[in-house]
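Colleague: how would this look folded up:
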Amino acid sequence: NVARDMVEYDPLDETAREVLIKALIASDDRAGASRELRYYRQLLRTELDAEPSAAFLKQLESDLAAAPASS
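Modeller: Numbers count the residues shown, from 1 in each chain. Take a look at the predicted model:
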């Protein structure tokens, strides 16, 4: 999938990660989206001693909260 390819090309790219997480949410994989968000936060901490942008977190946390629970 294109979103996964984007993340593999540049694992630290916030836009690519957002596309992947939103694709997971759209495919009703809320658990996968949550795992991906946690992984990305840890990756940024480890590699850059940084956090995702506030706008990124706010949007995705809102999207995750609105998504139906994964079955």
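Colleague: C-alpha only now, for contacts and for neighbours.
Modeller: Fine.
Colleague: Longest helix in this protein, by number of residues?
Modeller: What stands out as the longest helix in the chain, according to DSSP state H, is helix 30-48.
Colleague: how much space between R4 and D49?
Modeller: 23 Å (C-alpha to C-alpha, to the nearest Å).
Colleague: If you could redo that for I21, that was the one I meant.
Modeller: 21 Å.
Colleague: more neighbours, these two?
Modeller: Using other C-alpha atoms under 10 Å, the more surrounded residue of I21 and D49 is I21, with 25 against 10.
Colleague: Now for the more buried one: which residues touch it?
Modeller: A33, S34, E36, L37, L60 (C-alpha atoms under 8 Å, 6 or more residues apart in numbering).
Colleague: if we go to 10 Å?
Modeller: Contact analysis of I21 by C-alpha atoms under 10 Å, 6 or more residues apart in numbering lists 3-4, 15, 27, 29-30, 32-37, 60, 63-64.
Colleague: Tell me which helix or strand it sits in.
Modeller: helix 14-26 (DSSP states H and E).
Colleague: residues touching N1, list them.
Modeller: L20, A23.
Colleague: Which residues are in contact with R41?
Modeller: Contacts for R41 were tallied using C-alpha under 10 Å, 6+ apart; they are L12, R35, D49, A50, E51, P52, L57.
Colleague: let's see it at 7 Å
Modeller: With contacts defined as C-alpha atoms under 7 Å, 6 or more residues apart in numbering, R41 is in contact with E51, P52.
Colleague: Only alpha carbons, please: show the lowest-mean-pLDDT helix or strand in the chain as PDB.
Modeller: Of all helical and strand segments in the chain, the minimum by mean pLDDT, DSSP states H and E falls on helix 54-66, at a mean of 93. Extracted in PDB, the C-alpha atoms of helix 54-66 (Å, rounded to 0.1, in the frame of the first residue of the first chain):
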ATOM      1  CA  ALA A  54       0.700  19.300  18.500                       C
ATOM      2  CA  ALA A  55      -1.500  19.600  15.400                       C
ATOM      3  CA  PHE A  56      -0.600  16.100  14.300                       C
ATOM      4  CA  LEU A  57      -1.400  14.600  17.700                       C
ATOM      5  CA  LYS A  58      -4.600  16.600  18.100                       C
ATOM      6  CA  GLN A  59      -6.000  15.500  14.700                       C
ATOM      7  CA  LEU A  60      -5.100  11.900  15.000                       C
ATOM      8  CA  GLU A  61      -6.200  11.500  18.600                       C
ATOM      9  CA  SER A  62      -9.500  13.100  17.600                       C
ATOM     10  CA  ASP A  63      -9.800  10.700  14.600                       C
ATOM     11  CA  LEU A  64      -9.000   7.700  16.700                       C
ATOM     12  CA  ALA A  65     -11.600   8.700  19.300                       C
ATOM     13  CA  ALA A  66     -14.300   9.100  16.700                       C
END
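Colleague: Alright, I will stop here.
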